[in-house]
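# Fold the following for me, if possible:
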Amino acid sequence: MKKKRSDSPPPYGDFSHTLHTSHALHENSLGDSDSLAGEGWVTEDPHREREQASTSVNWSERSEKTGRRKGAYPWVLETASFLCGASVMVLELAGSRVVAPFLGTSLVVWTSLIGVIMASLCLGNWLGGRAADLCPERKVLARIVLLSALCTGALAFAANPVLRFFSGLGGSFYVATVLAAVALFTLPSVLLGMVSPFIVRLAMKDVGTSGVTVGRFSAIGSAGSILGTFLGGFVLISLFPSGVILLMVAGTLALVALLLYGSVRRGALTVSILLFACAGAAGTWGLPMTPVGEHIETPYSHLWIAESFSGGRRVRIMMTDPHGAQSLMYTDNPTELVSDYTKFYDLAFHFKEDAGNLLMLGGGGYCVPRYLLSERAGISMDVVELDPGVTEAARRYFELRDNPGLRIFHEDARWFLNRAARDPDQVESYDAVFMDVFGSWYSIPFHLTTVEAMQAVSDLLVPDGVLIMNVIASIYGPRSGVFHGIYASLSQVFPRVLIFPASAPDPQFAMSRQNLMLLAFKSPQMPDVPPAPTPEVSRLLAHHWSRPFTPDIPAFTDSFAPVERYSLMR
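The predicted structure follows:
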């Protein structure tokens, strides 16, 4: 007798049915949720319904842990994402000012800072995603943000000894800057990087709206980063010392932690109050995180004003880079030139006696303009200085006074050259142009070393005008690359170029780094010079490099000027 077929499902313990159903559920979880809707034996299976009910309960239970509870404020996660995104960019901008007094502001420093912070954020994103899956609770996120606040606040106080140690290391400058950035910025950046994936995990309601959730929080975090960039670069750095900014960021992060979860209220509120109190105290009494001296934050750089002695006389020094003095001044005679190389600008009047209208690119402490305006009556001088904060410091510390023969332009020197070269009233209007734009031997504005820049200078000079340019390098050897490139750029525009080593003209010092003064003449004809120059001018002329010189490096151009590579060669 044939056995009657039963339409009821097999017993629960039937292994083959259990395996088949499990496989169908797995396929459904990976593919389209409706792909098996037509298969009646799957959708009508009571065990699958029991499994779905169980899964629904589990999701509900997990959502209670994530903080999406009834009555939770939906804007809290959005606010946290926005403020943490802003904090990352303010941290990076303020960090550049923390590093500047010890390692400078060159492209190498910026590259190290950006690279380390980006790598740390990458690591933080990965760790944050794993942590969110393991323990998706808002209080965990709050503790991460609070810890980032503590690390950022500690950075303001730890920077001084850390940077002093790394700046004193010998060897590669590249390695020193990267290690300093790793030591200072890795931990706070990793913690801030953990925030974004954690917030997305907490905000995720279901897979069907996951794209909208991820996109929304990515946009909110990016908007915070945009605000942080402009707020830090245009406002905070101009108003507050870098240490104060770091403490303000830390205090803000502590408030975010307080906002995220009430159970950390006492700790977060205490930390926030302490950090903001430290920021206020640091703004009033200073923060012990920079070398001794007067430190000034400007819109473009960090200035260090200090005093020392030279030959028994007190000398005031302005530095925008820890590896070179920008300007020096005798406090007992402000108009007297201290640096040997600055005295070579007087050669402009030897090769063009009637020079009266001068242009100087790079103001610094305004030592050369102050000297020339006091010693040579009737001249007029235009000075192009990028940073108005430098000019203000020169007025305060370097005896810069208003003078009817002095005009100051606060703009980028290349921008000035390009604009002036298009102005018919300024073409061929200057008798001499002085260029002193190096921040240090490795801090070089490449756009002022190119053939195109030299052509713009030539356009502004009268037919018998002269350009005098200061270059910090050696004539030969591994430290000479920048000098060779600039010399080649000049030679493509000016028919005659002379070399004057300012400190050590003897050929035995040709491989030593020093101030090299380049004199470029617009006219191919040798100018008429006084038959009997003054003793001071004769001393300067004795520094002339009379040996033949041919650059080994192609001329720098706007499209390719690898000044960093050559300047950091040992």
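# I'd assumed Asp431 was in a strand, is it?
Yes - the assignment for Asp431, made by DSSP: H, G, I helix; E, B strand; the rest coil, places it in a strand.
# got a list of what it touches?
If you count contacts by C-beta atoms under 8 Å, 6 or more residues apart in numbering, Asp431 has them with Ala348, Lys352, Asp354, Ala355, Gly356, Asn357, Leu358, Leu461, Val462, Gly465, Val466. From N, CA and C alone the C-beta is placed, and that goes for glycine too.
# can I get the residues you listed in TSV with secondary structure?
Output for the contacts of Asp431, formatted as TSV (three-state DSSP):
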residue	secondary structure
Ala348	helix
Lys352	coil
Asp354	coil
Ala355	coil
Gly356	coil
Asn357	strand
Leu358	strand
Leu461	strand
Val462	strand
Gly465	strand
Val466	strand
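# for those, which one is nearest Ala561?
Closest to Ala561 out of those is Leu461 (22.0 Å), distances taken as C-beta to C-beta.
# okay, how far is it across stretch 439-446, tip to tip?
End-to-end distance for stretch 439-446: 12 Å, by C-alpha to C-alpha, to the nearest Å.
# buried stuff in that stretch?
Gly439, Ser440, Trp441, Tyr442, Ser443, Ile444, Pro445, Phe446 (16 or more other C-beta atoms under 10 Å).
# Need the contact partners of that stretch.
Stretch 439-446 has contacts (C-beta under 8 Å, 6+ apart) with 104-106, 108, 173, 320-324, 326, 413-414, 437-438, 472-473, 479, 482, 513, 556, 561, 563-564, 567-568.
# What sits closest to Leu107 if chain neighbours are left out?
Glu564 (5.1 Å; C-beta to C-beta, 6 or more residues apart in numbering).
# List the buried residues for the host helix or strand of that neighbour?
Assessed by DSSP states H and E, Glu564 sits inside helix 563-567. For helix 563-567, burial by neighbour count (16+ other C-beta under 10 Å) applies to Val563, Glu564, Tyr566, Ser567.
# list the helices and strands it packs on?
Packing partners of helix 563-567 (3 or more C-beta pairs under 8 Å, 6 or more residues apart in numbering; DSSP states H and E): helix 481-493.
# switch the cut-off to 10 Å
On a contact count with 3 or more C-beta pairs under 10 Å, 6 or more residues apart in numbering; DSSP states H and E, helix 563-567 meets helix 107-134, strand 461-473, helix 481-493.
# for the stretch 51-200 of the chain, what are the low-confidence residue spans?
51-74 (pLDDT under 70).
# try 50
Residue ranges of the stretch 51-200 of the chain with pLDDT under 50: 51-72.
# Just the terminal-to-terminal distance for stretch 221-240.
End-to-end distance for stretch 221-240: 25 Å, by C-alpha to C-alpha.
# now stretch 381-392
End-to-end span of stretch 381-392 (C-alpha to C-alpha): 18 Å.
# now swap in stretch 438-450 and tell me
14 Å.
# Please apply the same query to stretch 523-530.
Terminal residues of stretch 523-530 are spaced 18 Å apart (C-alpha to C-alpha).
# One more: stretch 546-555?
Rule used - C-alpha to C-alpha; the end-to-end distance of stretch 546-555 is 22 Å.
# can you check stretch 508-518 too?
Using C-alpha to C-alpha, the two ends of stretch 508-518 sit 19 Å apart.
# Next, the buried residues of it.
Under the neighbour-count criterion of 16+ other C-beta under 10 Å, stretch 508-518 has Ala510, Ser512, Arg513, Gln514, Asn515, Leu516, Met517, Leu518 buried.
# and Arg216, that's in a strand?
No - counting by three-state DSSP, Arg216 is not found in a strand; it is helix.
# just the strands in the stretch 301-450 of the chain please.
302-310, 313-319, 327-330, 357-361, 380-384, 406-409, 430-435 (DSSP state E, counting those that start in this stretch).
# Make TSV from those strands and add mean pLDDT and distance to Ser523 to it.
Formatted as TSV, the strands of the stretch 301-450 of the chain follow (pLDDT from 0 to 100; distance: least, C-beta to C-beta, whole Å):
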stretch	mean pLDDT	distance to Ser523
strand 302-310	87	38
strand 313-319	92	36
strand 327-330	94	32
strand 357-361	98	17
strand 380-384	97	22
strand 406-409	97	26
strand 430-435	97	12
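# Which one of these lies nearest to Phe234?
With C-beta to C-beta as the measure, strand 302-310 is the member of the strands of the stretch 301-450 of the chain nearest Phe234 (16.5 Å).
# so what's Gly168 up against?
By C-beta atoms under 10 Å, 6 or more residues apart in numbering, Gly168 lies in contact with Phe102, Ala176.
# Could you pull up the contacting residues of the spatially most central residue of the chain?
Most central in the chain under C-alpha atoms, centre = their mean is Trp110, positioned 4.3 Å from the mean C-alpha point. For Trp110, the contacting residues are Glu92, Ser96, Val99, Gly104, Thr177, by C-beta under 10 Å, 6+ apart.
# roughly how far apart are Leu163 and Ser106?
Remark: distance between Leu163 and Ser106 (C-beta to C-beta, to the nearest Å) = 15 Å.
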